[in-house]
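Trainee: Task: produce atomic coordinates for the following.
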Amino acid sequence: MRDLFIEKMYEISKKPYQKFFKQGKAWDVEINQLIQLPNDSLGFQLGCFLLKYNFEIQPKLEDHDIIHVLTNTGISVVDEIGMQYYLYGNGKRSLYLWMVILSGTLFYPTRFSYFKQQYQRGKAAHEFYGLDFLNMLSVPLSNIQQTFNIK
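Mentor: Residues are numbered from 1 along each chain as shown. Predicted coordinates for the structure are as follows:
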């Protein structure tokens, strides 16, 4: 029930968030282009992630799925909350992040040790959340993870 409520909140907030808070341009890239990149590249791995979960590229929200790939984070509600804790540890600050962390902590107090662990992982990594990932799609995933100490 909690998961359903959180997922519904995401669906309701996604469109306004894309329109009013995400200022960048949507990427002009298709999944079939991503999977044509070298197998070890960030872009190929993003394409595989999107295909694995039957996702589409969300305009102006492409970085979100990149973060999943870089941090090897799953897509469950608890994983999504954990990823926001990771980003908080990495230095990101946004209204959306705060809303997810607050609601996630309230709805999943028994998972706080996991959230804290994700925060520590993000803190240990070099700041990467603001990189221009579109221009990094052909870079090997492992190179990015090693460079930024993403574990």
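Trainee: And the contacts of the longest helix anywhere in the chain?
Mentor: Secondary structure assigned by DSSP state H gives helix 2-16 as the longest helix of the chain. The contact list for helix 2-16, computed with C-beta atoms under 8 Å, 6 or more residues apart in numbering, reads Gln58, Leu61, Ser76, Val77, Glu80, Ile81, Tyr96, Met99, Ser103, Gly104, Phe107, Tyr108. (C-beta placed from N, C-alpha, C; glycine too.)
Trainee: What about these, which are in helices?
Mentor: Using DSSP H, Val77, Glu80, Ile81, Tyr96, Met99, Ser103, Gly104, Phe107 are the members of the contacts of helix 2-16 that sit in helices.
Trainee: residues near the closest residue to the last one other than its chain neighbours, how many?
Mentor: Closest residue in space to Phe107, ignoring its immediate chain neighbours: Arg2 at 4.8 Å, by C-beta to C-beta, 6 or more residues apart in numbering. Each residue near Arg2 was counted by other C-beta atoms under 10 Å, and the total is 13.
Trainee: pLDDT wise, what is Arg2 at?
Mentor: Per-residue confidence at Arg2 stands at 74 (pLDDT).
Trainee: Kindly report the same for Gln18.
Mentor: On pLDDT, Gln18 comes in at 62.
Trainee: Ok, Ile6 next?
Mentor: At Ile6, the predicted lDDT confidence score is 73.
Trainee: Tell me how far it lies from Gly130.
Mentor: Per C-beta to C-beta, to the nearest Å, Ile6 is found 25 Å from Gly130.
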